[in-house]
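Engineer: structure for the following, please:
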Amino acid sequence: MTTSSQECSPAVSPVPQIRSFPHRIIRPLADKEAIQRNFVTLPNRAANFSNRNLTLNERFGIIERGYYLESHPDDIPCELEEHRLVNLVPLTKQATLEEVMAELAEATAKRNESKKKRTSVSPNPCESTASSP
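Structural biologist: Okay, here's the model as predicted:
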């Protein structure tokens, strides 16, 4: 019994792949010139941060030194608008002001009716009809 690679399909992972950017640029942050004087060679080491996923420690280290990472514009595959996960147009029907006011008036009327029923059906047990001397 022989199996070919075409018959066996690899398992599909439910976790999306992490996008890694092959080229990164290190840019200076504004108003951080005093800190950047101590780390002048950091922008020259941008190649060390390319083609791999960076740890949070590395990212924060760059920020603490007064710089930030930027992906090379050629490496960004598409516009952010194409992958927006939030729907800007509501998918459900939005109620008009008149509908909301009518529902509110109906709920208030029901609440008032239930209050009247409760007060008329059950008298207050704390009040007694007999007077005490």
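Engineer: which stretches of the chain have low pLDDT?
Structural biologist: 1-23, 73-91, 121-133 (pLDDT under 70).
Engineer: list the buried ones in the host helix or strand of Gly61?
Structural biologist: If you go by DSSP states H and E, Gly61 is part of helix 56-64. Neighbour-count burial for helix 56-64, counted by 16 or more other C-beta atoms under 10 Å, picks out Ile62. For glycine as for every other residue, the C-beta is placed from the backbone atoms N, C-alpha and C.
Engineer: just stretch 27-44 next, same as before
Structural biologist: Buried residues in stretch 27-44, counted by 16+ other C-beta under 10 Å: 28, 32, 39, 42.
Engineer: which strands and helices sit next to the helix holding Gly61?
Structural biologist: strand 67-71 (3 or more C-beta pairs under 8 Å, 6 or more residues apart in numbering; DSSP states H and E).
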